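Enquirer: Give me the fold of what follows.
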Amino acid sequence: MRISSQMLFMRNTSSLMSQQSVLSDQNLHMASQKRVIHASDDPVAIATIQRLKQDISVGEQFIENGKMAESANELIDTALTQSTNILQRARELMVSGSNGTMNESNREAIAVELENLRDELMGVANTKDGNSQYIFAGFEVDTQPFQKNEFGQVIYHGDSGERDYRIGSGVSIQGNDSGANVFMNIAEGNGTFVSEVGSENQGGAEISQGSVADTNAARDYLDQDYTIAITDGTDGPEYSVYGLKEKTVSGEADVRISSVDASISGTVEIQFSETSTPDEFYIIVNGQSSNPDVYDATAVNEYSKAESFNINGITFEVNGLPDDSDSYALTKFVEPTPYEDGKAITFNGIKTELKGDVVDGDSFTLRQSEEKDIFATLQSSIDALRIPGTDKTATAARNSAFSNSLLQIDGAMDNVMSTQSSVGARLRTIDNQRESTLDFNLTAQTTLSSLEDLDMAAAISEYQEQYSMLEISQKTYVQLQQLSLFNLI
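Expert: Alright, predicted model coming up:
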């Protein structure tokens, strides 16, 4: 075989370039400290490497999401702590105000402080985060959630939306609480009944909070409002118990019985009938109409005193806007019974108690517990402190209002603290999930390192060997170039 000088030159050049390429590739791996850079480096391992990198990236995003959720929940926790402190102070003031030694001036000073606490609480409820977004507005983060209307009542302008953060595989955590759930939708009274004394009472009796004495017996009767009406009997005061139940109601009227003639028995129907004038109604009691007197819903709203009617021996108060043909059924459950101070009154599995002097025409109400916002609760407390008078009737009205206010404040505090407990549970979940994600990422990084990282000691040794081979090839090539007959001429 003959080898020409040109062929010799080409073969050596190609060999040197190939060795330099290998050396360059080794240098690239050592510089990056990676064994696998391209898929061709290890076709089997590359798929696992890419999956591990993706898992680690997702885990890092979960951790970032957890940080945002943690920050949001910590801000809520701070706001709820402030709210609890405000409500605790309000409760202390109400307990102090209910002391019989307090005079009107003392109660007014407490009322003023409560007004300041109400405004402070409203400020807390309108707390913003670092992005100037309201934390209790639901999804309406750019709208101030709690605002006063023209009547001074606080209205919620947010929604019930809850933002979630994905902090783990299949794990989402709530990052906010709706202001409606925290500050607005709080059950009145003891959660079943609200006890109230009649606004026209002349005696000094108070009514205890109604309770369910027999669950089975009361099951079908908890959807009614009850009135305990006082009348003069042969041997002294007597009480009768009436229940008011909605029959067909689509409107939003609030109907409350003030007093009932003891001679009324059985079931009485109360119905609204719209006149030719919009939002004006005749009230029909067992066929007897209030005509020419009408109930004008436009002149009465939930912020003013309800309008009172006496029809067919029944006195009741109406507030709000009814619909045409709304009807209610008034049923007597307890016939006139001699009144005994402090003796329990039971009916339909329900129990309550009257204490104090009663007079003919006095009435007491056990109405169904509804929902009331925390700001209206504080306003009710303020109004209770400002009930004028020092006689037994005024004292009974104040004490009843104080009792309801304290129950409502306690309910509001329980609601806030329950929400705060949920926030604490979320923060614990975030911590646990973060630790879990970090552990997973560490395991994934270890596995990735075993597949991808370069054994530097072996790589350096191999590099040195390749480098030596390249040097030998270069020197040999130089010597071969000198093997020419022309050098002997």
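Enquirer: Please count neighbours and contacts with C-alpha atoms only from this point.
Expert: Will do.
Enquirer: Show me where the stretch 301-450 of the chain has its helices.
Expert: Assigned by DSSP state H, counting those that start in this stretch, the helices in the stretch 301-450 of the chain fall at 374-385, 392-452.
Enquirer: need those helices in TSV with mean neighbour count, can you?
Expert: Output for these, formatted as TSV (neighbours: other Cα atoms under 10 Å):
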stretch	mean neighbour count
helix 374-385	22
helix 392-452	19
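Enquirer: nearest to Glu74, of those?
Expert: Glu74 lies closest to helix 392-452 among the helices of the stretch 301-450 of the chain, at 7.8 Å (Cα to Cα).
Enquirer: any idea how far Pro388 is from Ser96?
Expert: 17 Å (Cα to Cα, to the nearest Å).
Enquirer: who's in contact with the closest residue to Val212 other than its chain neighbours?
Expert: Leaving aside its sequence neighbours, Val212 sits nearest to Ile350 (Cα to Cα, 6 or more residues apart in numbering; 4.6 Å). Listed by Cα atoms under 8 Å, 6 or more residues apart in numbering, the contact set of Ile350 reads 210-214, 218.
Enquirer: tell me which of these is nearest to Asp323?
Expert: Ala218 (29.4 Å).
Enquirer: looking at it, the closest one is touching Gly349, isn't it?
Expert: Yes. The criterion here is Cα atoms under 8 Å, and Ala218 meets it with Gly349 at 4.4 Å.
Enquirer: any idea which element Glu64 lies in?
Expert: helix 43-97 (DSSP states H and E).
Enquirer: Correction: the previous question concerned Glu246.
Expert: Assigned by DSSP H and E, Glu246 falls in strand 236-248.
Enquirer: Show me what that strand packs onto, helices and strands only.
Expert: Under the contact definition 3 or more Cα pairs under 8 Å, 6 or more residues apart in numbering; DSSP states H and E, strand 236-248 sits against strand 225-233, strand 327-338.
Enquirer: if you compare those, which one is most tucked away?
Expert: strand 225-233 (a mean of 23; mean count of other Cα atoms under 10 Å).
Enquirer: Now do that one against strand 236-248, angle only.
Expert: 150 degrees (axes from the mean of the first three to the mean of the last three Cα atoms, to 10 degrees).
Enquirer: For strand 225-233, which outside residues touch it?
Expert: Contact with strand 225-233 is made by 237-245, 256-262, 338, 358-368, as judged by Cα under 8 Å, 6+ apart.
Enquirer: cool, stretch 72-89 as well?
Expert: Residues contacting stretch 72-89 (Cα under 8 Å, 6+ apart): 117, 120-121, 124-125, 127, 129, 135, 175-177, 409, 412-413, 416-417, 420, 423-424, 426-427.
Enquirer: Next secondary structure after the strand holding Glu246?
Expert: strand 254-260.
Enquirer: Check which residues of that next one are buried.
Expert: 255-260 (16 or more other Cα atoms under 10 Å).
Enquirer: Tell me the one of these nearest Ala444?
Expert: Of the buried residues of strand 254-260, the one sitting nearest to Ala444 (Cα to Cα) turns out to be Val255, at 67.4 Å.
Enquirer: looking at the sheet around the closest residue to that closest one other than its chain neighbours, what are its partners?
Expert: Computed as Cα to Cα, 6+ apart, the closest residue to Val255 that is not its neighbour in sequence is Val318, at 4.7 Å. With DSSP bridges as the criterion, Val318 is bridged to Val255, Glu307.
Enquirer: Let me see the contact set for Val318.
Expert: Contacts of Val318 (Cα under 8 Å, 6+ apart): 253-256, 306-309.
Enquirer: Against Glu252, how distant is it?
Expert: In terms of Cα to Cα, Val318 sits 10 Å off from Glu252.
Enquirer: swap in Thr446?
Expert: Distance from Thr446 to Glu252, by Cα to Cα: 66 Å.
Enquirer: for Ser276, same thing?
Expert: Ser276 is 20 Å from Glu252, where distance means Cα to Cα.
Enquirer: And Asn404, by the same measure?
Expert: 23 Å.
Enquirer: Please apply the same query to Leu222.
Expert: In terms of Cα to Cα, Leu222 sits 19 Å off from Glu252.
Enquirer: related to what we said a few turns ago, ok, which of the helices of the stretch 301-450 of the chain comes nearest Gly59?
Expert: Closest among the helices of the stretch 301-450 of the chain, using Cα to Cα: helix 392-452, at 5.9 Å.
Enquirer: Also compute the angle for the closest one relative to helix 43-97, please.
Expert: Going by the same axes, to 10 degrees, helix 392-452 makes 170 degrees with helix 43-97.
Enquirer: for helix 392-452, packing partners?
Expert: Packed next to helix 392-452, using 3+ Cα pairs under 8 Å, 6+ apart, are helix 43-97, strand 164-168, strand 171-174, strand 186-187, strand 193-197, strand 206-207, helix 374-385.
Enquirer: List the neighbours of stretch 328-347 that are in contact with it.
Expert: So stretch 328-347 is in contact with 233, 235-249, 262, 264-271, 348, 351-357, going by Cα under 8 Å, 6+ apart.
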